[in-house]
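Visitor: Coordinates only, no sequence provided:
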């Protein structure tokens with residue numbers, strides 16, 4: 001299973017990414033947000049890092065091709081990106 005976690009750099013998003021990476025039924029986790037998502041030190045192991053991709057994007061109205069490529073084929077998308085007024 002491939003999941004995308006949009007808004008992965010805040011508290012809830014980080015924990016969802018962590019739990020997904022520890023779940024053996026999930027083969028691929030894409031952390032998607034305004035800035036890159038780093039793995040915590042305790043998850044920096046080859047068997048976990050191979051299942052993790054971090055994708056950043058500043059324009060959520062027009063996704064660049066590299067973003068489309070990374071998020072395509074996802075079975076699940078968890079959208080946690082908040083809206084900033086203004």
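Guide: Perfect, thanks for sending it. Computed from a prediction, not measured in an experiment: that's the story for all the values here. Numbering: from 1, shown residues only.

Visitor: Tell me the helix or strand right after the helix or strand of the chain with the lowest mean pLDDT.
Guide: Counting by mean pLDDT, DSSP states H and E, the weakest-scoring helix or strand in the chain turns out to be helix 46-49, with a mean of 92. Using DSSP states H and E, the helix or strand that follows helix 46-49 in sequence is strand 52-56.

Visitor: pLDDT averaged over that next one, what's the number?
Guide: Mean per-residue pLDDT for strand 52-56: 96.

Visitor: So which other helices or strands are in contact with it?
Guide: Here strand 52-56 touches strand 28-33, helix 65-71, going by 3 or more CB pairs under 8 Å, 6 or more residues apart in numbering; DSSP states H and E. Glycine gets a C-beta too; all of them are placed from N, C-alpha and C.

Visitor: mind listing what the shortest one pairs with, with the direction of each?
Guide: Its sheet considered, strand 28-33 pairs with strand 2-6 (parallel), strand 52-56 (parallel) by DSSP bridges.

Visitor: okay, those, which one's buried deepest?
Guide: Mean neighbours per residue, mean count of other CB atoms under 10 Å, is largest over the strands paired with strand 28-33 for strand 2-6, with a mean of 21.

Visitor: returning to that earlier point: go through the helices and strands packed on strand 52-56 and pick out the most buried.
Guide: By mean count of other CB under 10 Å, the helices and strands packed on strand 52-56 have strand 28-33 as the most buried, with a mean of 24.

Visitor: Report the rounded mean pLDDT for that one.
Guide: 96.

Visitor: Show me what that strand is in contact with.
Guide: 1-9, 13, 17, 20-21, 37, 51-57, 67, 70-71, 74, 81 (CB atoms under 8 Å, 6 or more residues apart in numbering).

Visitor: low-scoring pLDDT stretches of this structure, where are they?
Guide: 86 (pLDDT under 70).

Visitor: for it, longest helix please?
Guide: With secondary structure taken from DSSP state H, the chain has its longest helix at helix 11-22.

Visitor: Please determine how far the residue nearest the centre of the chain is located from residue 85.
Guide: By CA atoms, centre = their mean, the chain has its centre lying nearest to residue 31, at 1.1 Å. Using CB to CB, to the nearest Å, residue 31 is found at 25 Å from residue 85.
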